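Colleague: Please work out how this folds:
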Amino acid sequence: MALRDPKDTISIFWIAPQFLVFGVSEMFTAVGLIEFFYKQSVEGMQSFLTAMTFCSYSFGFYLSSLLVSLVNKVTSRSGHGGWLSDNNLNNDRLDLFYWLLAGLSFINFFNYLFWTRWYCYNPSLVGRRVSPSGAKDSKSSMNDIEMGAGDWLGIAAPPPFSDPTAAGNRIMGGVNYASAAGGILDETGQHYGDRYSLNQQVVNFETTLSQLRTMMSPENLNQLLANSIVVMVFGSNDYINNYLMPNVYATSRTYTPEAFANLLLNRYSRQVEALYSVGLRKFFLPGLGPLGCIPNQLATGQAPPGRCVDSVNQMLGPFNEGLRGLVGQFNGGSHPGATFVYGNTYGVFGDILNNPGRYGTL
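Modeller: I've put the predicted structure just below:
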C-alpha cells in the first residue's frame, strides 16, 4: 500500500528491479521469436513473419488497455470502485491486479507447453544461412550444389550436427558438419562469434563415430565408412573472413599469398589424413571459386563496375593448384583403397560468369 502521510516519499528507483526483469525478458523473447521465424519458416516468409511479430506487440498493448477496462468494470459491480478506478495506490487494489496478471502468465505458459508438444521441428530449414550483405555466402552456394548432387544421387540432405535429433538411425545416412564462417584455421571467422573450424568439425565427426560404434559391429562400421562419401568444402572463409580482412587479422601482413596457401594446405592435409585413418575412403575436395566476383568483394569498390576483383582471384591460384597436386599425391598409392576427387569450382563458376546464356535465365 502507498504511504498515507503525504510528507513521506518513496523513491522511483524501487521499481527499477521490476523494469529490469521486464526488459531482459522482452529481449530474450524478441530474439527467440526472430530466430524461430528465420530458422523454421519457409523461404520468403522470414521478413513477413518478423513484421507480424512486431505487429503482435501492438495487439498486446491494445489488449492490455482492454484488460484494465474489463477488470475495472467487473470489480466495480460490488458497489465499490474498481481495482484501478481511482488512480490512487491507497484506494486501488493494484496488488490484486498483479496477482491476476501472474495467473494469466501462468496459464499462458501452459498454453505454450501445449502447442510445443504438437509442433514438428523441421531440421531441414536450419541450414539456411544468409551473409550480412543479404546474399548467400560462398559456402552456402556450395551447399546448394551439394544438395543438388544429393538429389541426383538419390540421397537426402543429411541432418546438421548441431540438431538435437541427429542421433540413432538418423545419422546412418550421414551428418552435415558445415559451419558458417568456419575455416581451415581455427581463428578464421572469430569476429562472428561461435563457429566450427575444420579441427572442431573433425572432433564432431569423432563424436558421431563414437555413437556409430555402439550401434553396429566393427565389420559393418568399417564397411559403412568405406562406402561413405566425404565432401569437404574449405578455404573460402579463410580468405573472405581472414586473409582479406587486414584490419581484423594479421595473416595478410604475415604471409604472402603463396605462403598462406601452403599454410592452409598443410593444415588441410593433416585433417584429411586423420579422416582416412579412421576408415573413410571416398573424398571429394573442391577448390575455391572466383571469390573476387562475390558481392562481399565487389562491395569493396576495388574493381570497375561489372568486373571482378582480379587481385583476389589471382591470389587463389596457389591454393587451387596446391589442392589439385595434393589430391594427385593422395591418389599416388600412399592411401590404398581410397579415392580422392578434386572439384574445379573456379572453372565451373568462371564458365557460368563468362557464358551465362548456357545456363538459362533468372
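Colleague: make it CA atoms for all contacts and neighbour counts henceforth
Modeller: Noted.
Colleague: Tell me which stretches of the stretch 151-300 of the chain form helices.
Modeller: For the stretch 151-300 of the chain, helices defined by DSSP state H, counting those that start in this stretch occupy the ranges 198-213, 218-227, 236-238, 251-254, 257-277, 295-298.
Colleague: For Phe54, find the nearest of those.
Modeller: helix 295-298 (30.1 Å; CA to CA).
Colleague: what's in contact with the helix or strand that comes right after the closest one?
Modeller: Once helix 295-298 ends, the next helix or strand along the chain (criterion: DSSP states H and E) is helix 310-315. Residues outside helix 310-315 that contact it (CA atoms under 8 Å, 6 or more residues apart in numbering) are Pro257, Glu258, Pro290, Leu291, Gly292, Ala303.
Colleague: Report the separation between the second one and Pro305.
Modeller: Right, the one you point to is Glu258. Distance, Glu258 to Pro305, using CA to CA, to the nearest Å: 28 Å.
Colleague: starting at the chain centroid, how far to the lengthiest helix in the chain?
Modeller: Criterion DSSP state H: the longest helix present in the chain is helix 46-75. Taking CA atoms, centre = their mean, to the nearest Å, one finds the center of helix 46-75 at 31 Å from the center of the full chain.
Colleague: With stretch 156-163 instead?
Modeller: Worked out by CA atoms, centre = their mean, stretch 156-163 lies 13 Å from the chain centre.
Colleague: what's near enough to touch Gly343?
Modeller: Phe284, Leu285, Pro286, Gly287.
Colleague: what's the spacing between it and Ser162?
Modeller: As judged by CA to CA, Gly343 and Ser162 stand 27 Å apart.
Colleague: that older thread, can you point out the buried residues in the longest helix of the chain?
Modeller: Gln46, Leu49, Thr50, Val71, Asn72 (16 or more other CA atoms under 10 Å).
Colleague: Equivalent analysis for stretch 239-255, please.
Modeller: Going by 16+ other CA under 10 Å, stretch 239-255 has these buried residues: Tyr239, Ile240, Asn241, Asn242, Tyr243, Leu244, Tyr249, Thr251, Ser252.
Colleague: Quick check: end-to-end length of it?
Modeller: 12 Å.
Colleague: got the domain boundaries for this structure?
Modeller: 22-39+49-118, 136-359 (automatic domain parsing).
Colleague: rank these by pLDDT, which is bottom?
Modeller: Among these, domain 22-39+49-118 carries the lowest mean pLDDT, a mean of 80.
Colleague: quick one: that one to chain centroid distance?
Modeller: With CA atoms, centre = their mean, you get 32 Å for domain 22-39+49-118.
Colleague: What's the end-to-end length of that domain?
Modeller: Termini of domain 22-39+49-118 sit 28 Å apart (CA to CA).
Colleague: cool, stretch 279-287 as well?
Modeller: 23 Å.
Colleague: same question, stretch 284-303
Modeller: End to end - CA to CA - stretch 284-303 spans 32 Å.
Colleague: Show me what counts as buried in that stretch.
Modeller: Buried, per 16+ other CA under 10 Å, within stretch 284-303: 284-298, 303.
Colleague: Return the closest of the contacts of helix 310-315 with respect to Leu63.
Modeller: Using CA to CA, these come closest to Leu63 at Leu291, 51.5 Å.
Colleague: which residues touch that closest one?
Modeller: Shown in contact with Leu291 (CA under 8 Å, 6+ apart): Ser138, Ser236, Ile240, Gln297, Val312, Asn313.
Colleague: nearest to Glu273, of the residues you listed?
Modeller: Using CA to CA, Ser236 comes nearest to Glu273 of these, at 20.7 Å.
Colleague: That closest one and Pro290 touch, don't they?
Modeller: No. Judged on CA atoms under 8 Å, Ser236 makes no contact with Pro290 at a distance of 9.5 Å.
Colleague: Quick check: buried residues in stretch 310-318?
Modeller: Val312, Asn313, Met315, Leu316, Gly317, Pro318.
Colleague: How much space separates the third one from Ile171?
Modeller: Going back to what we said before, that points to Met315. Met315 is 38 Å from Ile171, by CA to CA.
Colleague: what does the first one give?
Modeller: Here the distance between Val312 and Ile171 works out to 38 Å (CA to CA).
Colleague: about what we covered before: Serialize the buried residues of stretch 310-318 to CSV and add fields for distance to Ile107.
Modeller: As requested, the buried residues of stretch 310-318 are exported to CSV (distance: CA to CA, whole Å):
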residue, distance to Ile107
Val312, 58
Asn313, 59
Met315, 61
Leu316, 59
Gly317, 62
Pro318, 63
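Colleague: So which residues of the chain form strands?
Modeller: Along the chain, counting by DSSP state E, strands occupy 229-231, 282-286, 339-343.
Colleague: what separates the first one from the chain centre, distance-wise?
Modeller: Distance of strand 229-231 from its chain centroid, counting by CA atoms, centre = their mean, is 21 Å.
Colleague: which strands and helices sit next to it?
Modeller: Packing partners of strand 229-231 (3 or more CA pairs under 8 Å, 6 or more residues apart in numbering; DSSP states H and E): strand 282-286.
Colleague: who does the strand it packs on pair up with?
Modeller: Counting by DSSP bridges, the strands paired with strand 282-286 are strand 229-231 (parallel), strand 339-343 (parallel).
Colleague: quick one: contacts of that strand?
Modeller: Contacts of strand 282-286 (CA under 8 Å, 6+ apart): 226-233, 327, 338-345.
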